[in-house]
Structure formats: structure tokens, C-alpha cells
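> All I have is the shape, not the residue letters:
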């Protein structure tokens, strides 16, 4: 990785830290000067517009989810559980880390149209890869005719993340994840499937706490 790419990744990490707990993407390139201790000219060379900064942060989030999806492919042989726990993990990360919900601002054609070709193409590529993973997983679970299930789920998941963040729900609430998985199951059209129960989610959360403790230790 070149020093240019390393600096760009660092600026994105700084941006993500600055956005923690916020409900709007009110971070501007000029704010990164003090936060990163990098010159304004260098920052503006990396992000030629405010749209570039938004899309760069979005790319990082989608890459993170793709990496999580790869881990889930290894961990869950059952595609139904893979999908459920993947999207519960997304919600867990937002709430536990107070991460900015990038779904508040992207995908958005107006923002994409203002971004440079470099960032727009990167975003479109990673978005397509992530959408393909979700579509493939749903296909493995079993397609149900009648509605565009992928679109219904996408709209629900976006709303669930935003609403849970707005309501400041607690990341350690097993019942919340159970309700989340129940809603996903219904929207998939697989109401005959039983989502993981609260006991399973309590165990999942306990494992998360153990993982976090080992990382921080």
C-alpha cells in the first residue's frame, strides 16, 4: 500500500471517529485539519469535494461489511442463519460503537453525481459486491415469489438501523435482535422458519463481550 493510500485510509478513520454519535453527516473536509493534524491542501487533494469525503467513508463501511460477510460465510453453513446474524452484527456494531449510520446519506444519486470518478466508481463497485452477497444468500435460503424480497429487506434494514440509532437502543438487548430477526424472516417470505430465540441471542451477545474483552486486553 502506497503512502498516499495509507494517508487516505487514515483520514477516513479520523472521519469515522469524528462522526461517532452523530445523526447527520455534518463533517466537512476543513474539520479534518485539526482532527488529523494533516494540512488542508493535502486533505483537499485526497477529497476534491465534500461529496468525495462522504463517498470515501461509505466505501470504508461497505468494505467492512463485505469482510464481515466473508467471515459469516465461514462461520454459518446455513444461509438463513448467515443472513440473520450478519445483519444483527451490523446493528450491533452501530449501537455498540456509536458508529455513524451511513445509510442516512447513501446510496444517493445526487451525492454520487458530485463525487469524483475515482470515488464514485469505487463505491459503485463495493456496493454491487455487497448487494450480490445479499442476493446470493437470499437465493440460497430460497426465493419466494410475489414481492421483490431483496428490496423489501433493504428498505427495512436501512430503516431499522436509523430508527434504532435515533432511539438510542442498547446494543446488549437480546430481545431487540430477536425482533429484528423475526422481521427479516417475515420479509424473506419464510414465516415457517423459526428465528434464533432470545436464549441464542443472549449467548451470542456473551460471546461478543468475550471477544471485545480479549481485543481490548
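Yep, it's here. These numbers were taken from a predicted model, which means no experiment stands behind them.
> which residues does residue 92 contact?
171, 177, 208 (CB atoms under 8 Å, 6 or more residues apart in numbering). For every residue, glycine as well, the C-beta is placed using N, CA and C.
> From these, which shows the smallest pLDDT?
Least confident of the contacts of residue 92 in the model: residue 208, at 94.
> So what's the gap between the helix or strand harbouring that one and the chain middle?
Counting by DSSP states H and E, the element that carries residue 208 is helix 198-216. Helix 198-216 sits 19 Å away from the centroid of its parent chain (CA atoms, centre = their mean, to the nearest Å).
> rewinding a little: let me know the closest of the contacts of residue 92 to residue 148.
Nearest to residue 148 among these is residue 177, at 25.1 Å by CB to CB.
> From residue 88, how far out is that closest one?
5 Å (CB to CB, to the nearest Å).
> So for the two, which residue has more residues nearby?
Between residue 177 and residue 88, counted using other CB atoms under 10 Å, the more crowded position is residue 177 (26 against 21).
> Distance to residue 132 added to the contacts of residue 92, as CSV?
Below are those laid out as CSV (distance: CB to CB, whole Å):
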residue, distance to residue 132
171, 28
177, 25
208, 27
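> Of those, which is the nearest to residue 139?
Nearest to residue 139 among those, with distances taken as CB to CB, is residue 177, at 24.0 Å.
> so that closest one sits right up against residue 91, yeah?
Yes. If you go by CB atoms under 8 Å, residue 177 and residue 91 touch, sitting 7.2 Å apart.
> which residues are common contacts for those two?
By CB under 8 Å, 6+ apart, no residue touches both residue 177 and residue 91.
> quick one on the thing from earlier: quick one: list the elements packing against the helix holding residue 208.
With contacts taken as 3 or more CB pairs under 8 Å, 6 or more residues apart in numbering; DSSP states H and E, helix 198-216 sits against helix 79-97, helix 174-188.
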